[in-house]
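1. this one's sequence-less:
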């Protein structure tokens, strides 16, 4: 029997948590991912409060309504998760997946006086002029007003480098969001490593960087397949992700 859209989304999102834990990009029992399951983007899935990514199953994910403020009072909904993800899904209904992480290298770049990702290779060039930046970190994002502010900063972009905080990636599918945040972390790892040599960077020209970024945008199927391969690895390693 074919799975419903919600059932498949549950499996895909649960697998994403497992993948991120497998790659060591998680942070204790913090951080959150969400995915819309309704056509209007109102209904979305979110991980429960303080459950380790490596143990999340499809059935663990909470089904919430972005327009129902009572969801904020659910005992398993983290206040910061509702503030950020609830507002993204409410204000940007076209968004199907939202991943928020504090990965080491991307967060390190976000902590610079001038958070930016210069295009020095094929990975970093993917983000040329395509990352919004928040430079007004004010503590835990635990209010709807703060979530709305973050949503507004995207302003046509799908990635937000959150100064002194971490990163948020949005996308039209879970697979594209996963590959994006993975490549973003890889980009920042390359960048930090290059900076650590103390040598000048050879930055790509705007023309080449833009051409490369557009090339990435033309292979969304690559991103989705990367996710499918990683998802199958997780299922093979521990089928409980499907439960």
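-> Sure, I can see it. None of the values given here were measured: they were computed from a predicted structure.
2. list the contacts for residue 216?
-> The contact partners of residue 216, taken as C-beta atoms under 8 Å, 6 or more residues apart in numbering, are 125-126. In short, each C-beta sits where N, CA and C put it, glycine included.
3. phi, psi for it please.
-> phi -60, psi -40 (degrees, to the nearest 10).
4. tell me what the top helix by length along the chain is packed against?
-> Counting residues, the longest helix found in the chain (DSSP state H) is helix 174-196. If contacts are counted by 3 or more C-beta pairs under 8 Å, 6 or more residues apart in numbering; DSSP states H and E, helix 174-196 sits against helix 5-22, strand 97-101, helix 104-110, helix 122-125, strand 166-171, helix 220-237.
5. quick one: the fifth one to helix 174-196, angle?
-> With axes from the mean of the first three to the mean of the last three C-alpha atoms, to 10 degrees as the basis, strand 166-171 and helix 174-196 are set at 140 degrees to each other.
6. strand 166-171: partners in the sheet, and parallel or antiparallel?
-> strand 97-101 (antiparallel), strand 159-162 (antiparallel) (DSSP bridges).
7. what sits up against it?
-> For strand 166-171, using C-beta under 8 Å, 6+ apart, the contacting residues are 31, 84, 88, 92, 95-103, 106-107, 110, 150, 154, 158-162, 177, 180-181, 184.
8. avg pLDDT for it?
-> Mean pLDDT, strand 166-171: 98.
9. go through that strand and flag the buried ones.
-> Across strand 166-171, burial judged by 16 or more other C-beta atoms under 10 Å covers 166-171.
10. would you reformat these as JSON lines and include distance to residue 127?
-> Formatted as JSON lines, the buried residues of strand 166-171 follow (distance: C-beta to C-beta, whole Å):
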{"residue": "166", "distance to residue 127": "15"}
{"residue": "167", "distance to residue 127": "11"}
{"residue": "168", "distance to residue 127": "13"}
{"residue": "169", "distance to residue 127": "11"}
{"residue": "170", "distance to residue 127": "14"}
{"residue": "171", "distance to residue 127": "14"}
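11. identify the bridge partners of the residue nearest to the spatial centre of the chain.
-> In the chain, the residue lying closest to the centroid (C-alpha atoms, centre = their mean) is residue 99, at 2.4 Å. Residue 99 has these beta-bridge partners by DSSP bridges: residue 33, residue 169.
12. measure it to residue 114 for me?
-> Computed as C-beta to C-beta, to the nearest Å, the residue 99 to residue 114 distance reads 24 Å.
13. repeat for residue 63
-> With C-beta to C-beta as the criterion, residue 63 and residue 114 are 40 Å apart.
14. neighbour count for these two, which is higher?
-> Neighbour tally, residue 63 and residue 114, criterion other C-beta atoms under 10 Å: the higher count belongs to residue 63, 13 against 8.
15. and the more buried one, that's in a strand?
-> Yes: according to DSSP: H, G, I helix; E, B strand; the rest coil, residue 63 belongs to a strand.
16. residues touching it, list them.
-> Contacts of residue 63 (C-beta under 8 Å, 6+ apart): 6, 37, 43-45.
17. quick check: beta-bridge partners of it?
-> Counting by DSSP bridges, the residues bridging with residue 63 are residue 45.
18. do you know the pLDDT at it?
-> 98.
19. could you measure from it over to residue 238?
-> 23 Å.
20. residue 44 contacts residue 32, doesn't it?
-> No: the pair residue 44 / residue 32 is not scored as a contact, 11.0 Å apart, by C-beta atoms under 8 Å.
21. mind listing the shared neighbours of these two?
-> By C-beta under 8 Å, 6+ apart, residue 44 and residue 32 have these common neighbours: residue 85.
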